[in-house]
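Asker: give me the fold of what follows.
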Amino acid sequence: MLLDGFIRRDIKTSGARIVTVTGGSGPPLLLMHGNPFTHLNWHKVAPALAREFTVVATDLRGYGDSEKPPGGDRHENYSFRAMAQDQIEVMAALGFDRFMAAGHDRGARVLHRMCLDHPAKVTRAAILDIIPQHYLYAHINKQWATFSWHWFFNIQPEPLPEKMMGFDPDWFIEKKLAKTKQGLSFFDPAALAEYKRCFRNPQTIHAICEDYRAGASIDLEHDEADMKAGRRIECPVLLLWGATGGVGRNHNPGPAEIWKSYAATIVGAQAVPSGHYLMDEAPKETTAALRAFFASA
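Answerer: Below is the predicted model:
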């Protein structure tokens, strides 16, 4: 059983009902997944971290079995600001006013926003395999656009991407996740089955599109306001990325250099031997890096 021993509950925030699992003991550590996953994306990492930390893993709003509220006229209900607020309220409901956090993919973008909006809450932040989207949209190139085609597909007006993804959701999710010659081999079959189950829900597909639509609109407005005000992440930051993934190959300068404009205190930056899916492809290396960073708090 994946995440055996973790306790699952639903926590109602001011904006959504959030599926939450907790395990272990020690300082609180929040883990946030990316697209198109659920909290189970941490199943190869979370049990080891739970030996030293109280690990909290959630389904972001719209993903997994968490609630899928309407997106709003400007997709504001799927902004990283709204998603970050969910996570702050989840941690508060569990009794944690301050905590450490790690995020991968979309979860890392939620964490980026959380650090800016709630600097007193996040004491350490591990950001896995992303370039700030403010930078990405300002530096579009053919290589990145080809590799990350779904960014531009998902933001098309409803219902175009929803209908196309929903026509054969199992085929689509397999096609999207099998980015390398390894295909789907490094995904646990039980976890992959859960991702497919959730993705078959048309509301999940719509929520994912709303997430990306918000990213290309209201989130960029928030990012631009922060850049003009000179706001950066102030807490210690660990950057991890896959050496053979898009973040590691598609950007010059590399991620460590790019992030200097967005994070004031980068205490570690390293590539792990994987593509985009660090926790699945290189769980030992990813766990070791996360443990060392959070244990040094």
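Asker: quick one, what contacts the residue lying closest to W241 once chain neighbours are set aside?
Answerer: Using Cβ to Cβ, 6 or more residues apart in numbering and skipping residues adjacent in sequence, the residue nearest W241 is V247, 4.3 Å away. C-betas here are computed from N, CA, C, even on glycine. Residues in contact with V247 (Cβ atoms under 8 Å, 6 or more residues apart in numbering) are D129, I130, I131, W241, P255, H276.
Asker: what about V247, distance to L136?
Answerer: Distance, V247 to L136, by Cβ to Cβ, to the nearest Å: 10 Å.
Asker: so F199 versus A101, what's the distance?
Answerer: 25 Å.
Asker: more crowded one of those two?
Answerer: A101 (28 against 24; other Cβ atoms under 10 Å).
Asker: which residue sits closest to the more buried one, ignoring its sequence neighbours?
Answerer: Leaving out its chain neighbours, the residue that sits closest to A101 by Cβ to Cβ, 6+ apart is L30, at 4.2 Å.
Asker: that neighbour sits in which helix or strand?
Answerer: strand 28-32 (DSSP states H and E).
Asker: next secondary structure element downstream of that strand?
Answerer: Using DSSP H and E, the helix or strand that follows strand 28-32 towards the C-terminus is helix 46-49.
Asker: that following helix: how far from the chain's middle?
Answerer: 18 Å (Cα atoms, centre = their mean, to the nearest Å).
Asker: mean confidence score for the helix or strand that it is followed by?
Answerer: Per DSSP H and E, the first helix or strand lying C-terminal to helix 46-49 is strand 54-58. Average pLDDT, strand 54-58: 98.
Asker: which residues in the stretch 151-297 of the chain form strands?
Answerer: With strands called from DSSP state E, counting those that start in this stretch, the stretch 151-297 of the chain shows them at 237-242, 266-272.
Asker: deepest-packed of the ones you listed, please.
Answerer: strand 237-242 (a mean of 25; mean count of other Cβ atoms under 10 Å).
Asker: note down every partner strand of that one and its orientation.
Answerer: strand 122-128 (parallel), strand 266-272 (parallel) (DSSP bridges).
Asker: can I get the last one in CSV, CA atoms only?
Answerer: What follows is strand 266-272 as a C-alpha-only set of coordinates in CSV (Å, rounded to 0.1, in the frame of the first residue of the first chain):
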residue,chain,number,x,y,z
ILE,A,266,20.0,30.0,-2.5
VAL,A,267,21.9,27.6,-0.2
GLY,A,268,22.0,24.7,-2.6
ALA,A,269,21.5,24.1,-6.3
GLN,A,270,22.1,20.7,-7.9
ALA,A,271,21.0,18.4,-10.7
VAL,A,272,20.0,14.9,-9.9
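Asker: any idea how far it is from the chain center?
Answerer: 17 Å.
Asker: which SS state does the residue nearest the centre of the chain fall under?
Answerer: Closest residue to the average C-alpha location of the chain: G107 at 1.7 Å, with Cα atoms, centre = their mean. Counting by DSSP: H, G, I helix; E, B strand; the rest coil, the backbone at G107 sits in helix.
Asker: alright, I will stop here.
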